[in-house]
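>>> build me a model from this:
(chains A and B)
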Number of protein chains: 2
Amino acid sequence: MKPFFELQATDPDTGARAGMLHTDHGDIPTPIFMPVGTQATVKTVTGDQLVDLGAKIILANTYHLYLRPGTDLVAEVGGVHRFMGWDLPMLTDSGGYQFFSLAPLNKLTEDGVSFRSHLDGSKHHLRPEDVLRIQAEIGADIIMPLDECMPYPSERKYAEESTSRTTRWARRCRDERGAVFSHHDYRQFLFGIVQGATYADLRRRSVEELAALDFPGYSIGGLAVGEPKREMLDLTELCAGLLPRDKPRYLMGVGFPEDLIRCVARGVDMFDCVMPTRNARKGTLFTREGRLVVKNAAFARDFTAPDTECGCFTCRNYSRAYLRHLIHVGEPVGMSLASIHNLYFYLDLMRMMREAILEKRFASFQREFFAKYRMATD
Amino acid sequence: MKPFFELQATDPDTGARAGMLHTDHGDIPTPIFMPVGTQATVKTVTGDQLVDLGAKIILANTYHLYLRPGTDLVAEVGGVHRFMGWDLPMLTDSGGYQFFSLAPLNKLTEDGVSFRSHLDGSKHHLRPEDVLRIQAEIGADIIMPLDECMPYPSERKYAEESTSRTTRWARRCRDERGAVFSHHDYRQFLFGIVQGATYADLRRRSVEELAALDFPGYSIGGLAVGEPKREMLDLTELCAGLLPRDKPRYLMGVGFPEDLIRCVARGVDMFDCVMPTRNARKGTLFTREGRLVVKNAAFARDFTAPDTECGCFTCRNYSRAYLRHLIHVGEPVGMSLASIHNLYFYLDLMRMMREAILEKRFASFQREFFAKYRMATD
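Okay, here's the model as predicted:
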């Protein structure tokens, strides 16, 4: 059997890597961007459109699916792939981020998390083992142990306690069923999540303790939560540099196109972010030249493609003026077409990066991209 | 050059007809259902999805496009087809219905209509000639003269005056540019609209006066506005029976699947209605067995296809439980998948009717359909 992760190439000038993840729902070339399908769908984009865009893996959210439609319902039909008619790989996060950001009255102890549903106020208590079971039943190919994603800034003392606890929780999950197991009729891979807030030594300790547990992959969590961009990049570089070379590295919740490039250069293999879809719904497109607020009146009579160099369905068929009209008058198709473009832009960017890495020219790719791409102030 | 309309078959037992409309954007087999794309898009469904569904012509709304994005903008890019990236035939209504139903402070005189925009309160006065020019610039293949769609019930005296005025307006439009003209680089066909409220003699007079003006096609307007279903069917039968045999007949704004069948049986060739898309967005599907309120909790664990006999994208890939979940949690993809199914159901119903007519077995098709289809109380 193929290993879960194959490292295929490393860039001579940067930390960038190209690889391949093998899951029972298919292979995933890395570096990869994973569109976010919080409630068992990517917002405003259908499954066949995602396949057409070249998406190889999508995310779903454990907290949301646990509440609606409910874990047992998803399990009853054989897991989330079957529930949502998606045959390619999937990943679920632990829900940790949502327990703390969405649910009111949450409380955290060594035992686990207590919270009230943001929907109906119902009380829930979940131990790390429960979150593991929930994700086993939901059935994504790649799953996460319960972790605490600390806010920025976090006190040193709290960060130390929290990071140790996240690691202890990861060990409890691993001890429960092993780091690779089959709940349905295919394998599920459990990652370890590196925390440590903005403290380099805590990040280092977190990596070391998790690496000793030998997970099939590692997530870098707790970044892009408000810290300066420089700090995010440095901590990402630190963690990636310490993590085992032969395991995939997933930087959770990051980010803008420029962040993806800079973090690939620092050795990250996997990304997810609501940025492309959320921005699309609000009328902002990502293009080769930077962000384009297509909903602005300035584009009302601009009959050119959103991004003239883009090969996506939206850019091949529709103008800025038409997108502006649809978003202006509140037609959901406008959000769909903009989401299709932004996801294509992200996925295409990852494809171009992978090609550049395989051809050992990532540094020049990066220079060329930034020569053209006008960044918004971070 | 082919005639605009070819009558291809008539059913021996009913008034049902099969034909073909020839426009410069393509042919339209009749009987046909035309999905409604009010604001230059069918709500929640993209153009390529409509083509996949087999849509041959779609509607846009003159009142809405006149206000947003504005007639001049649509004209500037060469018409609504180019604006919205739709290469197949299109039809615009006159906006008459919206002037009276949406716009406040509207006023009607022999000269035309005055109204305030429902968006910003701005004042507008449009003569029939203006509405014709607006539609010429918007550039649909089939267009409508300004008419008054009377409410139900309407006083006899008012109905008489209004119907005559609608006919005079139709003549003014026809006199302006002829019933077939080219504003862009293709032909546009102007229909006459039969009114007359619920008065058989007024309907008869309306048909006769309009027929004398020799329009390329005729619309039956002012029905399905609240009158009993029986009356709608009888008046449709009356109008269709009086209209020229060699011209297409378009029953505006009708209706449920059962209405489509009963009105095809009465000689109608063309339909439009927001029913399939609006119901879809609210979580109601049309199936071979009748209406299915898929958003109901009863379907939460129903993992069968929405309509097990249906070949649409939604039914081939998704379950009632998944659709119920998406609509329940408010994901726009749920509205898209439901709209795709409902439009397919309507379009497929028209294809089956056409086939039955061509094979001279429409009456038995109708019996078989109604044996299975459970109607909601009208």
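>>> point out where chain A drops to low pLDDT.
A:377-378 (pLDDT under 70).
>>> so which residue is dead centre in it?
residue A:272 (1.9 Å; CA atoms, centre = their mean).
>>> excluding its backbone neighbours, what's nearest that one?
Leaving aside its sequence neighbours, residue A:272 sits nearest to residue A:34 (CB to CB, 6 or more residues apart in numbering or on different chains; 4.3 Å). Glycine gets a C-beta too; all of them are placed from N, C-alpha and C.
>>> show me what contacts that neighbour?
Counting by CB atoms under 8 Å, 6 or more residues apart in numbering or on different chains, residue A:34 makes contact with A:55, A:57, A:58, A:59, A:91, A:270, A:271, A:272.
>>> and for residue A:312?
So residue A:312 contacts A:53, A:340, A:341, A:344, A:345, A:348 (CB under 8 Å, 6+ apart).
>>> again, only this time at 10 Å
Residues near residue A:312 by CB atoms under 10 Å, 6 or more residues apart in numbering or on different chains: A:52-54, A:305-306, A:318, A:337, A:340-345, A:347-348.
>>> which of these has the most neighbours?
The most crowded member of the contacts of residue A:312, judged by other CB atoms under 10 Å in any protein chain shown, is residue A:337 (31 neighbours).
>>> helices along the stretch 101-250 of chain A, start to end?
According to DSSP state H, counting those that start in this stretch, the stretch 101-250 of chain A carries its helices in the segments A:128-138, A:156-177, A:200-211, A:229-242.
>>> what's the third one packed up against?
Which is helix A:200-211. For helix A:200-211, the packing partners by 3 or more CB pairs under 10 Å, 6 or more residues apart in numbering or on different chains; DSSP states H and E come out as helix A:156-177, strand A:192-194, strand A:218-220, helix A:229-242.
>>> show me which residues of that helix are buried.
For helix A:200-211, a neighbour-count test (16 or more other CB atoms under 10 Å in any protein chain shown) marks A:202, A:203, A:204, A:205, A:206, A:207, A:209, A:210, A:211 as buried.
>>> then the first one?
Applying a neighbour-count criterion of 16+ other CB under 10 Å, one finds A:128, A:129, A:130, A:131, A:132, A:133, A:134, A:135, A:136, A:137, A:138 buried in helix A:128-138.
>>> for residue A:5, phi and psi?
Note on residue A:5: backbone dihedrals following degrees, to the nearest 10 are phi -130, psi 130.
>>> any idea how far residue A:171 is from it?
With distances taken as CB to CB, to the nearest Å, residue A:5 is found 21 Å from residue A:171.
>>> now swap in residue A:32 and tell me
Where residue A:171 is concerned, residue A:32 sits at a distance of 27 Å (CB to CB).
>>> repeat for residue A:4
Where residue A:171 is concerned, residue A:4 sits at a distance of 20 Å (CB to CB).
>>> and what of residue A:228?
32 Å.
>>> okay, those two: which has more neighbours?
residue A:171 (16 against 11).
>>> and that one, what does it touch?
Residues in contact with residue A:171 (CB under 10 Å, 6+ apart) are A:128, A:145, A:192, A:209, A:210, A:212, A:213.
>>> go with 7 Å
Counting by CB atoms under 7 Å, 6 or more residues apart in numbering or on different chains, residue A:171 makes contact with residue A:213.
>>> gap between it and residue A:129?
Going from residue A:171 to residue A:129 by CB to CB gives 11 Å.
>>> show me what counts as buried in stretch A:167-178.
A:167, A:169, A:170, A:171, A:172, A:173, A:174, A:176, A:177.
>>> and what of stretch A:365-376?
A:365, A:366, A:369, A:373.
>>> circling back to that earlier point, highest average neighbour count across the helices and strands packed on helix A:200-211?
strand A:192-194 (a mean of 31; mean count of other CB atoms under 10 Å in any protein chain shown).
>>> residues of the stretch 151-300 of chain A that sit close to chain B?
Remark: the part of the stretch 151-300 of chain A in contact with chain B comprises residue A:300, using CB under 7 Å from any CB of the partner chain.
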